[in-house]
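S.K.: just need the structure, nothing else, for what follows:
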Amino acid sequence: MAWQSVPVPRLEGVSQEQFVQHLYPQRKPLVLEGIDLGACTSKWTVDYLSQVGGRKEVKIHVTAVAQMDFISKNFVYRTLPFDKLVQRAAEEKHEEFFISEDEKYYLRSLGEDPRKDVADIRKQFPLLEGDIKFPKFFKEEQFFSSVFRISSPGLQLWTHYDVMDNFLIQVTGKKRVVLFSPRDAQYLYLSGTKSEVLDIDNPDLTKYPLFSKARRYECSLKAGDVLFIPALWFHNVISEEFGVGVNIFWKHLPSECYDKTDTYGNKDPTAASRAAQILDRALKTLAELPEEYRDFYARRMVLHIQEKAYSRNFE
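M.R.: Prediction:
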């Protein structure tokens, strides 16, 4: 089946004022071209990163398959010195490996203590900090994290959403990104923040029949491109070649709305978590009724949520 995708708009030379006042309020993905990112787009070669990035041990995902699945965990966690990771991730075949000679690697940088500290490239990789400039399109006090990412060629990350707005800066290499609106969540077969549908280009529509109703938004990122991903937009990322990227997350909502224990930026806002817990308790209470009554009152609850909590005017 050939999928119809909506191209993500691309704009060049966008100013801070234009982004903040006119583009950002639309809450839709956007590729920004020509943003001053510093010297990183030309300097961050495999050799340079290996030399300057250091030998600090980093925790990585290692997988024998291209499509990573965070639900079934079809990967293992291992550690490598940073310079070794860069060299291996750039290879198609490996003389040294954990699982297989064609295994793939994925780094999502962490804070010093991942349970307490957020990822910030300026702290974890200080020798690289001077090479990259963050887009100044949000207030400094809104900054949450800067996540360094390295991917092997052909690696595909699972479809998921984040609860904070972010810029995906493609420093080197190429990526294909497929996005889905938050309003299409009912078609994505969610398990927590993640979709069960791994092969988004050739999905099993017998198992996931509603997936065909989800509207796809798609873009290709090259070195120097910056993709704005609004909070709650689902995204699936395919590395078409060895690539280095940096995600900049910032708090779109007031700070008190977020879970203070969240160092990854992917825990639902505290109000949403409380509401989900209340709903779980309500459903357990409904379970005390016979099936006919349970069905009837569950449908009434759904109607009540539709009327009170969200718009049914889907795009």
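
S.K.: how far does stretch 160-169 sit from the chain's center?
M.R.: Stretch 160-169 has its C-alpha centroid displaced from the chain centroid by 5 Å (CA atoms, centre = their mean, to the nearest Å).

S.K.: quick one: distance of whichever strand or helix holds Leu85 to the chain centre.
M.R.: Here Leu85 sits within helix 82-89, counting by DSSP states H and E. Per CA atoms, centre = their mean, the displacement of helix 82-89 from the mean C-alpha position of its chain is 22 Å.

S.K.: renumber starting at 28 from here on
M.R.: In the new count, where the first residue is 28, that last one comes out as helix 109-116.

S.K.: which other helices and strands contact the following helix or strand past that helix?
M.R.: Heading C-terminal from helix 109-116, the first helix or strand you meet, by DSSP H and E, is strand 131-135. Applying 3 or more CB pairs under 8 Å, 6 or more residues apart in numbering; DSSP states H and E, one finds that strand 131-135 contacts strand 84-90, helix 109-116, strand 170-178. Yep, even glycine has a C-beta here, placed from its N, CA and C like the rest.

S.K.: list the buried residues of the host helix or strand of His331.
M.R.: His331 belongs to helix 318-335 when assigned by DSSP H and E. By neighbour count on 16 or more other CB atoms under 10 Å, the buried set for helix 318-335 is empty.

S.K.: and the contacts of it?
M.R.: Ala309, Leu310, Leu313, Ala314, Leu316, Arg339 (CB atoms under 8 Å, 6 or more residues apart in numbering).

S.K.: just to revisit the earlier point, of all the helices and strands packed on strand 131-135, which one is nearest Phe269?
M.R.: Comparing the helices and strands packed on strand 131-135 against Phe269 with CB to CB, the closest turns out to be helix 109-116 (6.0 Å).

S.K.: sorry, back to before: deepest of the helices and strands packed on strand 131-135, which one?
M.R.: strand 170-178 (a mean of 23; mean count of other CB atoms under 10 Å).

S.K.: what's the burial count for the residue nearest to Thr290 when sequence neighbours are not counted?
M.R.: Closest residue in space to Thr290, ignoring its immediate chain neighbours: Val145 at 5.0 Å, by CB to CB, 6 or more residues apart in numbering. As a burial measure, Val145 scores 19 neighbours (other CB atoms under 10 Å).

S.K.: over to Gln197?
M.R.: Count around Gln197 with other CB under 10 Å applied: 25.

S.K.: and Gly157, by the same measure?
M.R.: Using other CB under 10 Å, Gly157 has 12 neighbouring residues.

S.K.: that one and Ala250, how far apart?
M.R.: Separation of Gly157 from Ala250 (CB to CB, to the nearest Å) stands at 18 Å.

S.K.: ok, now Ala309?
M.R.: Ala309 sits 50 Å away from Ala250, going by CB to CB.
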